[in-house]
Each structure stands twice: as C-alpha cells, then as structure tokens.
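*Asks:* sequence plus predicted model, see below.
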Amino acid sequence: MNKLNIKLIILFLFAFIIHQAAIADIGPGLGQQAPGFRLADMKKEPVTLRDLRKKGHVLLIFWSTKCHVCHAMLPQFKKVYKDYKNKGLTVAAVNIGYENHEQVADYILQHDLPYLVLNKDNQKSYLAQAYQLVGTPTIKLVDPSGKILYHGHTLPDLKKFLKKS
C-alpha cells in the first residue's frame with residue numbers, strides 16, 4: 001500500500017469513529033426525560049408511555065419490520081421479555097417504519113412476538129423527531145419517573161438497572 005492509501009484509510013476510520021460517537025449522543029439522552037407518546041397497540045387500543053411507566057421500567061425498542069438488525073435481534077428481545085415480564089419491565093416495540101398496521105400485524109404473527117407492539121402511522125414522524133432517531137433498532141430504557149437510564153443500539157445489561165425479584 002502506498003502512503004496515500006494509508007492516509008485515506010486512516011482518515012476514513014477517524015471519520016467513522018467520530019460519526020459513531022455523534023450518533024450515540026443524538027436524541028434525549030441519559031438522565032433526561034423520555035418524550036411522552038400516545039400510540040395504538042395492535043388491537044388499536046391507546047397506550048401512553050405514562051401508563052406503561054406506572055407498571056415499572058419500560059424498554060422501548062424503536063424498530064421496523066424491514067430492519068435486518070432488528071430481525072436478527074428478535075431472539076434477544078423475546079428472551080428479555082420472558083426473563084423480565086414479571087420483574088417490573090415492560091418491553092414495548094415501537095414500529096417507526098413505513099409499514100402499515102396490517103404489515104406489522106403479519107410480521108408479529110409470522111415471528112410470534114410475545115411483547116407489546118405499538119404502531120400508529122400518523123405518529124411515526126413525531127416519534128422519530130421527538131427521540132431524534134437515526135436508525136433502527138434504537139433502544140431506550142426508561143425508569144418509572146420517565147428518566148432515560150440507557151440509550152443505544154443493543155440491549156442493555158438489565159441486571160444493572162432492575163432489582164431481581
């Protein structure tokens with residue numbers, strides 16, 4: 001490799017690292033209040049973040065049926081739901097993709113999703129803006145007071161945040 005190629009590779013890697021660091025800081029972050037919302041569950045019943053917080057911590061998973069990473073993480077999401085559903089954690093998968101209600105319902109049925117799925121077409125742009133989402137999955141752990149305890153693109157170590165029951 002010549003010196004120019006090496007410099008270009010180093011420049012690219014530096015830009016990539018800076019970009020990844022910037023993405024991690026976008027949107028409401030650690031210690032800040034999670035923006036409220038009123039969405040519909042798959043039965044088209046209204047669900048608010050405030051109501052979910054009354055039950056305990058809320059793991060918000062912003063996802064899309066077309067997100068390959070989200071699809072690959074389904075076994076992890078299901079395991080978290082199974083392990084923590086009776087320990088004060090609500091798993092709420094919030095669809096922010098361009099899929100309509102029927103497409104999301106088909107995906108849920110096809111992949112046997114056991115946790116709460118929220119989808120309201122006319123709220124997706126509001127959610128993306130309020131949470132300043134730049135990609136899927138984006139995961140936020142919200143405590144009962146509404147404070148964001150975790151923000152990332154992978155699942156948090158929930159043992160750090162939740163008391164064992």
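*Replies:* Sure, I can see it.

*Asks:* now the end-to-end length of stretch 104-118.
*Replies:* End-to-end span of stretch 104-118 (Cα to Cα, to the nearest Å): 9 Å.

*Asks:* show me the contact partners of that stretch.
*Replies:* For stretch 104-118, the external contacting residues (Cβ atoms under 8 Å, 6 or more residues apart in numbering) are 39-42, 47, 52, 65, 71, 74, 77-78, 81-82, 85, 90-95, 99, 119. For the C-beta atoms, the positions are set from N, CA and C on the backbone; glycine is no exception.

*Asks:* from those residues, list the buried ones, please.
*Replies:* Using 16 or more other Cβ atoms under 10 Å as the burial test, the contacts of stretch 104-118 include 39-40, 42, 47, 52, 65, 77-78, 81, 90-95, 99, 119 as buried.

*Asks:* could you pull out the helices for this structure?
*Replies:* Taking DSSP state H to define them, one finds helices in the chain at 3-24, 49-53, 68-72, 74-84, 101-111, 124-130.

*Asks:* packing partners for the third one?
*Replies:* I take that to be helix 68-72. Taking 3 or more Cβ pairs under 8 Å, 6 or more residues apart in numbering; DSSP states H and E as contact, there are no helices or strands that helix 68-72 lies on.

*Asks:* let's go with 10 Å and repeat that
*Replies:* strand 57-63 (3 or more Cβ pairs under 10 Å, 6 or more residues apart in numbering; DSSP states H and E).

*Asks:* just the CA atoms of the strand it packs on, as CSV, please.
*Replies:* Coordinates of each C-alpha in strand 57-63 appear next as CSV, following Å, rounded to 0.1, in the frame of the first residue of the first chain:
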residue,chain,number,x,y,z
HIS,A,57,-39.4,0.3,33.9
VAL,A,58,-40.0,0.4,30.1
LEU,A,59,-37.7,-0.9,27.5
LEU,A,60,-38.5,1.0,24.3
ILE,A,61,-37.3,-0.7,21.1
PHE,A,62,-37.7,1.5,18.1
TRP,A,63,-37.8,-0.9,15.1
